[in-house]
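Visitor: Any chance you can model this:
(one chain, ligands or ions: 1)
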Amino acid sequence: MPSSLKFLVYFVTFLSLCQTCYTIREYNKEDILKLREEVREMFQHAYDSYLKYAYPYDELRPLSCDGVDTWGSYSLTLIDALDMLVIMGNYTEFNRVVDIVLERKDFDTDINVSVFETNIRIIGGLLSAHLLSHKSGMKLEPGWPCNGPLLRLAEDVAQRLIAAFDTTTGMPYGTINLRSGVPPGETSITCTAGVGTFIIEFGTLSRLTGDPLYEEVAYNALKALYHHRSPIGLVGNHIDVMTGRWTAQDAGIGGGVDSYFEYLVKGAILLERPELMSMFTEARSVIDKYLKKDDWYVWATMLRGHVTLPVFQSLESYWPGVLSLIGESDTAMRIIHNYHSVWKQYGFTPEVYNLGTGEASSSRESYPLRPELIESIMYLYRDTRDPILLQMGEDILRSIQHSARTPCGYATAGYRNHIKDVRDHRKEDRMESFFLAETTKYLYLLFDPDNFIHNPGVHGTVIDTPNGECIVDVGGYIFNTEAHPIDPTMLYCCHEARQGMNISEVHRVYQMLEEEDNIHFMTMIDSTVKNNKTETDNNSNMSAPQEEMQKDEDKDQVFIKTETRTGYVNIDGTEREKTKNETTLSELLKERISNFYNKSDIIDKESLDSPSDNNTDKKVEVDDIIIAQPPQEEKLELPSTARAKETMRLLPKVIQDFLNNDWKKKPKCEPQHMLERIRREKRYPDHLDVDKYELLLTPAPSFLQRISLAGEFLNKKQLEV
Ligand code: DMJ
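Guide: Residues are numbered from 1 along each chain as shown. Reported below is the predicted structural model:
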């Protein structure tokens, strides 16, 4: 057969196959909105059932019609579902639930929780609700969005998680006790996503509150992962956060790693940190080189790139969505067709699908109502408007309605370790909170083209903030990995706050002042400082800094040192920079002990904290993986000898109490010290591309400007031209 004829035959066969696979339906606006309403009803059914049968437990059990605590006993589903109420325009219910959530003042509970899940679901949910609250007509606190009760609650949770990052590598532990920090004996092994999925929530917190702690700690953890990549540039699945040693060396884009890659891209866009994009671009090129096979992704050894598992995981379906964010929708479309073919085969995507056999892997066949496939479909539809994506969305809607709906909610499809699975759609008694936070949200947004979330930067809202006017709600929302949207422009409303004034903190100080004990405590500190001065005066030993403090007090100002902050907050609500010679309580303490020991055998904690010069850049090679040298252990000697006891007696009562109560019991993580240590050690160098770009800063970067990375981060050379 001549080759031209052969080509024609192939072409006709191909066309007819396409017709068999997809008869593409046409959707007019009415059809699409009808689907949206069906999704609204789906959400409502699950949400009402949760409130009726499960609240205040974390999750609904959709077969038993009751509730169960799963991740932390913090009414997880309610917080995870909050922002969806705003997206659907149900402001009355949103305002009602916010009041319920705010009945709790903090998250002080003696319970061990996953640092990762608490961050993405609780902190993410609270932050998103905080930023969307202006849409619901709710009364906003002065200083919003840099202030507000939901923001304070989110920060309270973050403060409880922060101790997890106090490790030798700066990568966090996987579990924390919300009251007491890292549980004794906690394993130091964490998955990669558990290390690299904080920059969106923590960056948002830092930009809104003005406290750099969160963003720097999250950024440091991301750099740590990058630093520990294998010589060929891949990362593994689990790492020991104390030694930096990889304990699971399979590289892939799915479970255990997924949101690390997602956060490099989204963190770069949200926080305007192009170096994160460079880190992603490098990771992407080795992923394509070693893991990509015919628009599927497999698992391989991180050291050599040898294929270990030729499988597709349902969790991997977020990947085409990430590619669409970086302008690669063509590639993403090819991949999504593959993933959708698995959905068609089973009516769901099984947790693990064997690419070799073309079958769901045995015992990993369930579908726990995951959002990833519909997430990518939503992103791609925004970019391409290809109607086949609407059809894929409708397929997903139909399957879930048909096989997962129960009289009181929606259920995970399939039994693990059982033949009853996605192949016959038997149900399991679980509805994870992400069904309401993510799956229904992405479905709804796919079918709601005019939703405010899709605003392409053509209109915005001007709001007044303590830092002047600010334009918000211009679109370009960045979804955290639990689908909680963050309005990027709001992060720039608190720009001034970032420079110094911390409104949220000032509010907290006022609250503390209202409580008698705290006034008493501050008066004690204040009078202690005064007494000390008198005492030192009597010894004719008054130092210049103390004289300076006297001047401040003459102005009738009470100041306190907040342990996680860098400065002082005056009683009038302003934040005061530490003057050059000002003495802090801890410095005073150190100085007094030092005087007692005649500066001979005083423990200089500063010097213990700093690694010696020649230690800073030391690396050792183990199993071809670069492992950072652990720094010297912090030693904090307590005044236990007779001499030290004598010193103690000389100290003011308030300091004695502090030493007796806190120091002796357990060394607690001091976030400010941790941050200072991270800055001092500079364990991981910044990516070289940090200096390569000049950012275009505008008060309200438009959706198009922000989303198109090429346009947003202009190479310095381009700017010169
Ligand atoms: C969600 O909690 C998040 O999307 C996370 O990144 C991955 N797992 C679930 C959804 O499948």
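Visitor: hey, let's count contacts and neighbours off CA atoms from now on
Guide: Noted.
Visitor: in a helix, that's where Asp464 is, yeah?
Guide: No: Asp464: not assigned to a helix; according to DSSP: H, G, I helix; E, B strand; the rest coil it is strand.
Visitor: so how far is Gly252 from it?
Guide: Asp464 sits 46 Å away from Gly252, going by C-alpha to C-alpha, to the nearest Å.
Visitor: Settle it for me: which of the two has more neighbours?
Guide: Comparing Asp464 with Gly252 by neighbour count (other C-alpha atoms under 10 Å), the higher total belongs to Gly252, at 29 against 14.
Visitor: what's the distance between that one and Gly321?
Guide: With distances taken as C-alpha to C-alpha, Gly252 is found 17 Å from Gly321.
Visitor: next one: Asp686
Guide: 27 Å.
Visitor: Compare those two (neighbour count), which wins?
Guide: Taking neighbours as other C-alpha under 10 Å, Asp686 and Gly321 compare with Gly321 leading, 25 against 15.
Visitor: number of nearby residues for the spatially closest residue to the more buried one that is not a sequence neighbour?
Guide: Using C-alpha to C-alpha, 6 or more residues apart in numbering and skipping the chain neighbours, the partner closest in space to Gly321 is Ser376 (4.0 Å). Look at Ser376: counted by other C-alpha under 10 Å, it has 23 neighbours.
Visitor: Name the helix or strand for Ser376, please.
Guide: According to DSSP states H and E, Ser376 maps onto helix 372-384.
Visitor: What of Met42?
Guide: Met42 is located in helix 29-49, with elements delineated by DSSP H and E.
Visitor: likewise Arg364?
Guide: Counting by DSSP H and E, no helix or strand carries Arg364.
Visitor: measure stretch 681-688 end to end?
Guide: Per C-alpha to C-alpha, stretch 681-688 runs 18 Å from first to last residue.
Visitor: now stretch 400-408
Guide: The straight-line separation of the ends of stretch 400-408 (C-alpha to C-alpha) is 14 Å.
Visitor: Same question for stretch 191-208.
Guide: From its first residue to its last, stretch 191-208 covers 28 Å (C-alpha to C-alpha).
Visitor: Mean confidence (pLDDT) on the helix or strand harbouring Asp99, please.
Guide: Using DSSP H and E, Asp99 maps to helix 91-101. Per-residue pLDDT over helix 91-101 has a mean of 98.
Visitor: Ok, stretch 139-146 next?
Guide: Averaging pLDDT along stretch 139-146 gives 90.
Visitor: I figured Trp343 hits Val352, correct?
Guide: No: between Trp343 and Val352 there is no contact under C-alpha atoms under 8 Å: 12.0 Å.
Visitor: on that earlier part again, enumerate the positions of the helix holding Met42 that are buried.
Guide: Judged by neighbour count (16 or more other C-alpha atoms under 10 Å), helix 29-49 contains these buried residues: 32-33, 35-36, 38-40, 42-47, 49.
Visitor: can you check stretch 126-140 too?
Guide: Buried-residue list, stretch 126-140, by 16+ other C-alpha under 10 Å: 126-134, 136.
Visitor: now do stretch 106-126
Guide: 107, 111-126.
Visitor: quick one on the thing from earlier: what would the buried residues of helix 29-49 look like in CSV with distance to the ligand and pLDDT?
Guide: Output for the buried residues of helix 29-49, formatted as CSV (distance: C-alpha to the nearest ligand atom, whole Å; pLDDT from 0 to 100):
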residue, distance to the ligand, pLDDT
Ile32, 25, 98
Leu33, 26, 98
Leu35, 23, 98
Arg36, 21, 98
Glu38, 22, 98
Val39, 18, 98
Arg40, 20, 98
Met42, 18, 98
Phe43, 16, 98
Gln44, 20, 98
His45, 20, 98
Ala46, 17, 98
Tyr47, 17, 98
Ser49, 20, 98
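Visitor: hey, what's Asn354 bridged with?
Guide: Asn354 has these beta-bridge partners by DSSP bridges: Val311, Glu359.
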